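> build the 3D model from these lines:
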Amino acid sequence: MVEIDWSDFEPDLLDRARRAGRPIVLVLTTAWCPYSRELRETSLRDPDVVHVIENEFIPALVDAERRPDVNARYGSGGWPTIAYLTPEGELIANDRFLGPAELAARLRRVAEVFRTRRPEIQSGLEKLLSQKAEHERTAHGTLSMAMVDDVAEAIFERFDHRYGGFGDGAKFPHPEAVDFALLRAVKLGDPRMETFARTTLDKMMASAIHDSVDGGFFRYSSSPDWQSPHYEKVLEPNALILRNYLEAFQIFGTQAYQRTAEGIVHWMITALQDPDTGAFFGSLVADSEYYNLDAEQRRKHEPPRLDRTIYANSNAVAVSALLKAAVTLDNLDLRRQAMRALTFVLENLYQKEVGVYHYWDGTYHLPGMLSDQACMIRALVDASQHTGNADYLLPAEAIAEVAIKRQRAPGGGFYDIRHDPAYTGSMRRRNRSILDNAMMAEALVRLSYLSRRPEFYDEAVRTLECFAVDYKEYGYYVAGYARAVDLVLYAPVMITIVGDRESEQADALRRAALSTYMPSRIVQMLDPKYDPILLSRGGYEVQREPAVYIAIGKQTKAVVRTPEELLIKIRELEHERRQPLA
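From the prediction side, this is the model:
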């Protein structure tokens with residue numbers, strides 16, 4: 001059988017296309033997607049398709065998860081994607097799955113149009129790119145709580161009251177929207193946001209999208225009732241959903257939320273965690289046969305194939321979720337598992353002068369993806385809070401400094417990738433994603449409070465202001481942006497424990513500070529032996545026994561010394577703060 005001689009998507013591919021005067025056919029797939037596998041095994045092995053590609057195109061095959069930079073510029077929003085590019089790397093058109101005959105016909109048509117109408121294609125692309133450049137010069141706006149309210153309204157407006165979630169077709173979990181809704185439900189006592197969050201979580205855990213045998217959730221359902229799952233299971237969305245159920249259990253005390261969270265944790269550790277390194281693999285492929293078996297039958301069946309790629313952003317999100325699970329589920333071993341994963345990423349996918357690399361497959365690849373930097377800063381911040389070790393702030397600060405130096409846009413905010421002069425076309429243009437920028441902004445705000453470095457806070461505010469004019473265009477998709485704006489405008493409760501971080505008393509205080517749900521909370525342990533610089537920046541007095549300084553933003557409100565006093569005082573302060581908002 002004749003096979004296509006695929007290339008990776010690298011600068012030399014564009015050089016070859018320009019020298020040959022041929023367009024590029026770029027196929028984007030994922031390891032877990034059954035349609036991607038079907039395309040590779042059928043259409044892309046069809047002799048007619050192979051013949052057209054060999055004679056008319058320069059072919060490239062890319063894993064969309066390993067190369068999110070390529071996917072963001074040429075993808076169609078799902079997989080597989082078949083993209084047709086000029087030799088300079090500009091997108092002409094793209095398709096989703098096509099059968100052999102349809103794909104062969106499409107390839108011939110693209111090749112013919114490229115040969116006969118190349119000047120028109122170039123002219124059209126230049127006009128489109130000019131319009132995009134004009135749009136990117138959007139003026140900044142001012143942050144306000146009205147923006148946060150707007151996103152809440154968008155969530156409730158599109159909320160499916162019958163089944164939870166959004167829409168009446170294919171349905172995805174959208175954990176960021178649930179996270180934001182829980183914040184509003186607690187902070188404002190908003191019954192609409194509580195209804196949205198609880199309905200969504202209840203319907204999801206009772207439906208076929210929830211794997212009640214192995215634990216965890218499938219990626220999405222093709223029906224609005226969550227009963228028609230596509231059976232791939234992916235690390236990052238499950239880690240985000242885990243956080244939803246942990247926080248819902250903290251708020252409402254519903255035991256089913258606790259059991260669901262425990263199931264996700266069990267699946268993550270038993271199915272995805274590498275026993276040798278402690279890091280988490282990326283996903284399990286969709287295997288409908290396996291997932292329609294009962295528990296006993298599954299034990300005898302070959303499990304779904306594992307994608308053993310280790311992604312920095314997904315592992316960082318998993319670390320944050322497991323640290324929260326350790327406290328919420330009162331299982332300190334989960335903190336150990338989280339720190340094993342974080343240690344692997346720090347040792348193998350991070351360099352001080354470079355920042356964070358995207359993935360590991362035996363070596364590191366692709367530095368500078370903004371989502372990796374943002375998620376890793378947040379994981380390090382969370383690690384510092386949960387372990388009491390302020391040293392984890394040092395790599396977080398280094399990552400932030402590199403991102404600010406190399407990816408900050410002239411008009412504010414951050415580009416999704418770093419500049420690479422070797423590329424041309426769309427790969428040379430850098431995007432400012434509102435979702436990635438929101439993650440980065442929230443991470444920088446939290447890092448600013450812990451490191452006592454106000455420049456990170458100022459950078460976060462400038463970043464959020466870049467999207468203050470057009471955030472409404474994205475509706476409920478930008479719940480993470482609204483949460484970041486809320487964190488800026490509704491100053492967090494800052495709980496600083498000063499004392500010996502290795503003492504039982506300090507550990508009990510830290511666990512108490514993290515044990516309950518709060519809309520905005522930052523916890524820090526400062527040990528005079530290890531953290532003299534941070535102590536001097538904060539101006540805290542060192543006493544014989546550990547003491548807890550409770551502040552709203554930067555204004556100290558109380559000093560306590562026991563876990564019981566701490567819990568009482570933070571409840572009182574939160575109650576006082578919420579009264580004017582109710």
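
> quick one, strands of the stretch 51-200 of the chain?
58-63, 81-85, 91-95 (DSSP state E, counting those that start in this stretch).

> okay, those strands in a markdown table with distance to P11, mean neighbour count and mean pLDDT next?
(C-beta placed from N, C-alpha, C; glycine too.) A markdown table is the format used below for the strands of the stretch 51-200 of the chain (distance: least, CB to CB, whole Å; neighbours: other CB atoms under 10 Å; pLDDT from 0 to 100):
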| stretch | distance to P11 | mean neighbour count | mean pLDDT |
| --- | --- | --- | --- |
| strand 58-63 | 12 | 20 | 98 |
| strand 81-85 | 13 | 24 | 97 |
| strand 91-95 | 17 | 16 | 93 |
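
> want to throw those strands into JSON lines with distance to A72?
JSON lines is the format used below for the strands of the stretch 51-200 of the chain (distance: least, CB to CB, whole Å):
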{"stretch": "strand 58-63", "distance to A72": "12"}
{"stretch": "strand 81-85", "distance to A72": "11"}
{"stretch": "strand 91-95", "distance to A72": "11"}
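
> mind checking which of these is nearest L581?
Closest to L581 of these is strand 81-85 (CB to CB; 44.6 Å).

> other SSEs contacting the closest one?
strand 24-29, helix 68-74, strand 91-95, helix 100-116 (3 or more CB pairs under 8 Å, 6 or more residues apart in numbering; DSSP states H and E).

> switch to 10 Å and redo it
Here strand 81-85 touches helix 11-20, strand 24-29, helix 34-41, strand 58-63, helix 68-74, strand 91-95, helix 100-116, going by 3 or more CB pairs under 10 Å, 6 or more residues apart in numbering; DSSP states H and E.

> just the CA atoms of the first one, as PDB, please.
This file holds the C-alpha atoms of helix 11-20, laid out as PDB (Å, rounded to 0.1, in the frame of the first residue of the first chain):
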ATOM      1  CA  PRO A  11       9.700  26.300   8.700                       C
ATOM      2  CA  ASP A  12      11.400  24.000   6.200                       C
ATOM      3  CA  LEU A  13       8.000  22.700   5.100                       C
ATOM      4  CA  LEU A  14       7.100  26.200   4.000                       C
ATOM      5  CA  ASP A  15      10.500  26.500   2.200                       C
ATOM      6  CA  ARG A  16       9.800  23.300   0.300                       C
ATOM      7  CA  ALA A  17       6.300  24.500  -0.700                       C
ATOM      8  CA  ARG A  18       7.600  27.800  -2.000                       C
ATOM      9  CA  ARG A  19      10.400  26.200  -4.000                       C
ATOM     10  CA  ALA A  20       7.900  23.700  -5.500                       C
END
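
> okay, the angle between it and strand 58-63?
For helix 11-20 against strand 58-63, the angle by axes from the mean of the first three to the mean of the last three CA atoms, to 10 degrees is 160 degrees.

> list the helices and strands helix 11-20 packs on?
So helix 11-20, by 3+ CB pairs under 10 Å, 6+ apart, packs with strand 24-29, strand 58-63, strand 81-85.

> reformat the ones you listed as a markdown table; add distance to S36.
What follows is the helices and strands packed on helix 11-20, written out as a markdown table (distance: least, CB to CB, whole Å):
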| stretch | distance to S36 |
| --- | --- |
| strand 24-29 | 4 |
| strand 58-63 | 9 |
| strand 81-85 | 9 |
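
> nearest approach to A508 belongs to which of the ones you listed?
A508 lies closest, by CB to CB, to one member of the helices and strands packed on helix 11-20: strand 58-63, at 45.8 Å.

> all strands of the stretch 401-550 of the chain, in order?
Along the stretch 401-550 of the chain, the stretches classed as strands by DSSP E, counting those that start in this stretch are 493-498, 521-526, 547-552.

> most tightly surrounded among the helices and strands packed on strand 81-85?
Most buried of the helices and strands packed on strand 81-85, by mean neighbour count (mean count of other CB atoms under 10 Å): strand 24-29, with a mean of 25.

> please name the residues that touch A271.
211, 214-216, 233, 235, 238, 280-281, 283-284, 303-304, 306 (CB atoms under 10 Å, 6 or more residues apart in numbering).

> so which of those residues are in strands?
K233, S283, L284, L306 (DSSP state E).

> quick check: domain ranges of this protein?
Here the domain parsing of the chain from automatic domain parsing is 11-135, 145-490, 496-578.

> switch those over to CSV; also include distance to E3.
CSV is the format used below for those (distance: least, CB to CB, whole Å):
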stretch, distance to E3
domain 11-135, 7
domain 145-490, 21
domain 496-578, 54
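
> for the residue nearest to D274 when sequence neighbours are not counted, give me the pLDDT.
Excluding the flanking residues, the one nearest D274 by CB to CB, 6 or more residues apart in numbering is F281, at 6.3 Å. F281 carries a pLDDT score of 98 in this model.

> residue contacts, F281?
F281 neighbours (CB under 10 Å, 6+ apart): 31, 235, 271-274, 306-311, 314-315.

> return the closest of the residues you listed with respect to D361.
T309 (5.6 Å).

> residue ranges with poor pLDDT in the stretch 351-500 of the chain?
Low-confidence segments of the stretch 351-500 of the chain, defined by pLDDT under 70, are absent.

> quick one: buried ones out of the contacts of A271?
211, 214-216, 233, 235, 238, 280-281, 283-284, 304, 306 (16 or more other CB atoms under 10 Å).

> out of those, who's nearest A104?
S283 (30.9 Å).

> surely the closest one meets W267?
No. Under the criterion of CB atoms under 10 Å, S283 makes no contact with W267, lying 11.9 Å away.

> find the residues that touch each one of these two.
Joint contacts of S283 and W267 (CB under 10 Å, 6+ apart) are K233, L235, N238.
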